[in-house]
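Peer 1: Okay, here's the prediction I keep looking at, along with the sequence it came from:
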There are 2 protein chains.
Amino acid sequence: MERANKRAQLKHNLLSLIRQGGDGAQLPPERELSERLDVARETLRRCLRELELEGLLERRQGAGTFVSGQPVIKQPQLLSFSEDMQARGLTPSSEVLSFRTTGATAKIAQKLQLPPGAPLLEIRRLRMANDEPMALETVYLSKALVAELELSQLTSGSLYGLLHSHFGIQLRSAAQTIQSTVLTEEEAEILEVPPFSPSLLVTRVAVSTQGQAIEYAKSLYRADRYRFEVNVERLSVPADDVSTK
Amino acid sequence: MERANKRAQLKHNLLSLIRQGGDGAQLPPERELSERLDVARETLRRCLRELELEGLLERRQGAGTFVSGQPVIKQPQLLSFSEDMQARGLTPSSEVLSFRTTGATAKIAQKLQLPPGAPLLEIRRLRMANDEPMALETVYLSKALVAELELSQLTSGSLYGLLHSHFGIQLRSAAQTIQSTVLTEEEAEILEVPPFSPSLLVTRVAVSTQGQAIEYAKSLYRADRYRFEVNVERLSVPADDVSTK
DNA sequence: CAGTGGTCTAGACCACTGG
DNA sequence: CAGTGGTCTAGACCACTGG
């Protein structure tokens, strides 16, 4: 057990150092830190790399390791709407438009690895940021997993938080597709924009730490209020390189 | 020099192993591979992790390391249009709509870290996949960097390839924003869709391995033909965790 | 040039898989 | 239980920064 938790523990220690330091603060040199925190330098460095990927630290060879002034997420994160808005400095809220049990269509069944027709919970919510309509979200969850989920629990807090605290389900990753579309008249009315306004359509299948498909969600974001920011890296293997005979 | 290239060399060796193996093939155990390729196991493992992130390998503790049947990119990559289409199994081509020198607007100057009014090369291209219009792309490059770039060089191959081979510029990463918009009548005509059709607007600032901002690009993709697929991970530090007092 | 992060090594032990 | 990937270590040396 010692071993498995070492990195998690280490990360906690580093996080408190980062919070203490504040923007731009320089962390102690790796060799000193590793000794102080009683881990090998390479182990420390793995944690530092993760924190760098999460945008909390900047490392410069020859210069040092610094607390990021303005954290930039370098790897896209799986965030619930609430978390996403908070990260953008906005206050999330929502209004439940419908909450019902339904049967899985062929498509959703396939995405959630359930038999077609399996009972699903469908939650449709208007998501707001600073009390302004931002997105229209429809979430499907297997009824078998969240049978006792009640409407009243949804009014406050994030669904992901609920899944974790009440059902022991922790999400690990998701496959998302991002498309452009125009809103129907009904959707436009709910989002308080003119009919046929442009919208970002985000479809998501989220998977638990156990590897089980948990959530299928479709979100329509107001194009005038929402945009994705993605940092992309240039990895190895340019296509030509591979095809070189 | 030995040191710096070790991982790159190693990766090449692994790539040829992967290509030989084909879908689903199992790689030799790490201990054996590291000996055969004459590197420490940890060094090998770093490369394997990168290849896993690039979706070329799957590793299962206790079972082994396997060539991915259907590579899934786990980290969004910086790809030129040509590379992107090839990765999607389509044949890219393009038509240069305009090619001219202009002065940097305040906004573009800021993105490219140039003084306002600095001379820029503006390249506007219709990008096609399997000879069908796919996107309308406008690229801005500092004239100072690519003074000798000629129109004739653009007709074949990718701009990124040109930058590398003719100007020694290698890209490292980019910041992208993804928005939803509707096309103007002129844009719609070029892309051969009805006016005011929805479109994905992708804005990109690409940075070289030297850390210099090189390219500012705006691309309008046909919403009916193009979508983004992004895999997102759930990282540590849920917001609550931090705010816990 | 002292000090920093970056790479690489050889080896120990842990955790999981799949017969 | 043999074999696999996953974690961690202590230490050497490289590459870069910034006075």
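Peer 2: Received, thanks.

Peer 1: For chain A, which segments count as strands?
Peer 2: A:57-60, A:64-67, A:92-103, A:119-129, A:132-142, A:171-182, A:198-208, A:213-222, A:228-233 (DSSP state E).

Peer 1: hmm, the last one in reach of chain B?
Peer 2: Yes: interface with chain B: strand A:228-233 contributes A:228-233 (C-beta under 8 Å from any C-beta of the partner chain). All C-beta spots, glycine's among them, are computed from the backbone N, C-alpha and C.

Peer 1: near DNA strand C at all, that strand?
Peer 2: No: remark: strand A:228-233 sits outside contact range of DNA strand C, by C-beta under 7 Å from any atom of the strand, the gap being at least 13.6 Å.

Peer 1: So which bits of that strand are buried?
Peer 2: Residues of strand A:228-233 classed as buried: A:228, A:230-232 (neighbour count, 16 or more other C-beta atoms under 10 Å in any protein chain shown).

Peer 1: mind saving the C-alpha coords of it as PDB?
Peer 2: What follows is strand A:228-233, C-alpha atoms only, in PDB (Å, rounded to 0.1, in the frame of the first residue of the first chain):
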ATOM      1  CA  PHE A 228     -13.300  25.400 -26.800                       C
ATOM      2  CA  GLU A 229      -9.700  26.100 -26.200                       C
ATOM      3  CA  VAL A 230      -7.400  23.200 -26.900                       C
ATOM      4  CA  ASN A 231      -3.700  23.100 -26.800                       C
ATOM      5  CA  VAL A 232      -2.200  20.600 -29.200                       C
ATOM      6  CA  GLU A 233       1.300  19.200 -29.400                       C
END
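
Peer 1: still on that earlier bit, adding mean pLDDT, write the strands of chain A out as CSV.
Peer 2: Below are these laid out as CSV (pLDDT from 0 to 100):
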stretch, mean pLDDT
strand A:57-60, 91
strand A:64-67, 94
strand A:92-103, 93
strand A:119-129, 95
strand A:132-142, 95
strand A:171-182, 89
strand A:198-208, 92
strand A:213-222, 94
strand A:228-233, 82
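
Peer 1: Looking at the residues of strand A:228-233 next to chain B, which is nearest A:F66?
Peer 2: Among those, A:N231 lies closest to A:F66 (C-beta to C-beta), at 18.4 Å.

Peer 1: correct me, but the closest one touches B:S173?
Peer 2: Yes: judged on C-beta atoms under 8 Å, A:N231 makes contact with B:S173 at a distance of 6.4 Å.

Peer 1: follow-up on the earlier one: please name whichever of the strands of chain A is nearest to DNA strand D.
Peer 2: Of all these, strand A:57-60 sits nearest to DNA strand D, with 5.8 Å by C-beta to the nearest atom of the strand.

Peer 1: wait, does that closest one contact DNA strand D?
Peer 2: Yes: using C-beta under 7 Å from any atom of the strand, strand A:57-60 reaches DNA strand D at A:R60.

Peer 1: which helices and strands does that strand pack with?
Peer 2: Helices and strands touching strand A:57-60, by 3 or more C-beta pairs under 8 Å, 6 or more residues apart in numbering or on different chains; DSSP states H and E, are helix A:41-53, strand A:64-67.

Peer 1: Contacts only, for A:I169.
Peer 2: A:I169 makes contact with A:145, A:163, A:208, A:214 under the criterion C-beta atoms under 8 Å, 6 or more residues apart in numbering or on different chains.

Peer 1: A:G22: neighbour count?
Peer 2: 9 (other C-beta atoms under 10 Å in any protein chain shown).

Peer 1: since we're on A:S199, how many residues are nearby?
Peer 2: 27.

Peer 1: Okay, it and B:S199: tell me how far apart.
Peer 2: According to C-beta to C-beta, to the nearest Å, A:S199 stands 12 Å off from B:S199.

Peer 1: before we move on, what about A:E132?
Peer 2: From A:E132 to B:S199 the distance is 24 Å (C-beta to C-beta).

Peer 1: now swap in A:A147 and tell me
Peer 2: A:A147 is 42 Å from B:S199, by C-beta to C-beta.
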